[in-house]
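Novice: show me the folded form of this:
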Amino acid sequence: MNRTKRFTLAALCGGLLAGIGSKAFAHGGRHGFGAGPLDPAEMNERVERFVKHLAVEVDATPAQQERLAVIAKDAAKELAPLREQAREARREMGEDWWPYGLEANRRVLDTFLRYHHEQGLSKRRFAPEEIFARETLQTYKV
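Specialist: Take a look at the predicted model:
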């Protein structure tokens, strides 16, 4: 395999693994990082499916497919602890780690503004609505 094809294959493999990992992490659920422990046999089956699809996309030879399988299985094994770390983070932080909008953050902003005033950093206590432009107070979901 020439150097360009090897580089393209490595970039595609890395990109796909990163994409699959971030999508799974973001979605949680049974198949995401928020799911329970993944059975090693199920993990092997998923990796083999991944390699099979990747091999078709890059027109890999059987020898290249074997090397891809080793790389993908090693990566899956090394990334397995992230599943538990993600579950722990969800337990600690809830499902919405980074809420948007004033209402979702009102309690935190109100506490911050109270401390700001109590510590003499502002002459009066501001309400959360006062520190944002009026146009930004409405939240829209797309």
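Novice: look up how far Ala133 lies from the spatially closest residue to Asp96 that is not a sequence neighbour.
Specialist: Spatial nearest neighbour of Asp96, chain neighbours left out: Ala104 (7.4 Å); criterion: CB to CB, 6 or more residues apart in numbering. Bear in mind the C-beta positions are built from the backbone N, C-alpha and C, glycine included. For Ala104, the distance to Ala133 equals 18 Å [CB to CB, to the nearest Å].
Novice: show me which of the two is the more surrounded one.
Specialist: Ranked by neighbour count (other CB atoms under 10 Å), Ala104 and Ala133 place Ala104 first, with 13 against 6.
Novice: and that one, what element?
Specialist: helix 102-118 (DSSP states H and E).
Novice: count the residues that sit near Arg87.
Specialist: 17.
Novice: could you do Arg124 as well?
Specialist: Neighbours around Arg124, by other CB under 10 Å: 7.
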